[in-house]
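Engineer: turn this into a model:
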Amino acid sequence: MRTKLEKDRRRVPPMPSPVLKRLYRSALRATLESKNGQRHPGLAAIEAAATMQLRARDVLVCATKSSTGSFDPCLGSNGGKAQLFPAASGTISDASAPAIYLARAVKLSQPRGAVLAMITERIQSTIERNLAIHLLEEAAKEKLPVVLVTTAAVGFSASQRKPGGVPRVSVDASDPIAVYRVCQESLRRAREGTGPTLVECVSARRDGLIFLENTLQQYGIWSEEWKQKLVREFRFNGVRVQHKPTRTRNGR
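Structural biologist: Numbers count the residues shown, from 1 in each chain. Okay, the predicted model is just below:
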């Protein structure tokens, strides 16, 4: 039989309620902005969670328009919006090359700044894999403030050679809270001069937004009325709602 203390612990959210609300707001907006048929809406929730802790002195490297839309400027720790650098594509070579270059500049000119690169496409060749490994190892040697977030199986596990000196963290891609926590810690390490981190978002077994809604509802934070209020707010502010909002499993 559970004690009262054990029951109370089960009611404690995994993060402070204001943070969970901001995370859901960002994930919902990103999902609503995603285009039907072009990308999985769950990817937008991952990108929203990964970019939520970016600050004004940080740089976001991404290839898709939806990646830029997933960053809500009001969510930055200092209320500022990160600088955006559009990559040629979402491959690890096209995203990591400019990210490493920008990280060198940030290290020299922006103390406590960091670079976050979103990688959305799988490695297609051995040459591309070796180039990515070389770039990551150079970043580790120089302790560059860069975080690479992959939303596709990049293929390092199948390679005999892996990037040395670079921490690799695997996280459940269908859990925006876990993605947020891992990226928060990785950005903290980068800003403190520890060096780069490779965050691999894997095994998306469910939609991230639905998972987030169910989690918030469990702790009495989420409601359908609040969700619809946010949707109306986004529309009023000019956000194009192109994807039908998801619902929780119980339909509430």
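Engineer: isn't R104 up against L144?
Structural biologist: Yes - with contacts counted by C-beta atoms under 8 Å, R104 reaches L144, the gap being 6.3 Å. Quick note: C-beta positions are derived from backbone N, CA and C, even for glycine.
Engineer: so between the two, which is more surrounded?
Structural biologist: L144 (25 against 16; other C-beta atoms under 10 Å).
Engineer: mind checking the SS state of the more buried one?
Structural biologist: For L144, the secondary structure call by DSSP: H, G, I helix; E, B strand; the rest coil comes out as coil.
Engineer: dihedrals phi and psi, it?
Structural biologist: Dihedral pair for L144: phi -80, psi 140, per degrees, to the nearest 10.
Engineer: can you check V166 too?
Structural biologist: Per-residue torsions, V166: phi -110, psi 120 (degrees, to the nearest 10).
Engineer: which regions of the chain lie under the pLDDT threshold?
Structural biologist: Applying pLDDT under 70 to the chain flags residues 1-11, 35-42, 64-80, 123-124, 152-163, 203-205, 239-252.
Engineer: check contacts around the closest residue to I119 other than its chain neighbours.
Structural biologist: Nearest non-adjacent residue to I119, counting by C-beta to C-beta, 6 or more residues apart in numbering: T150, 4.4 Å away. Contacts for T150 (C-beta atoms under 8 Å, 6 or more residues apart in numbering) come out as I92, I119, T120, L198, V199, E200, C201.
Engineer: now T150: how far from K107?
Structural biologist: Distance of T150 to K107, computed by C-beta to C-beta, to the nearest Å: 22 Å.
Engineer: just W226 next, same as before
Structural biologist: Counting by C-beta to C-beta, the separation of W226 from K107 is 41 Å.
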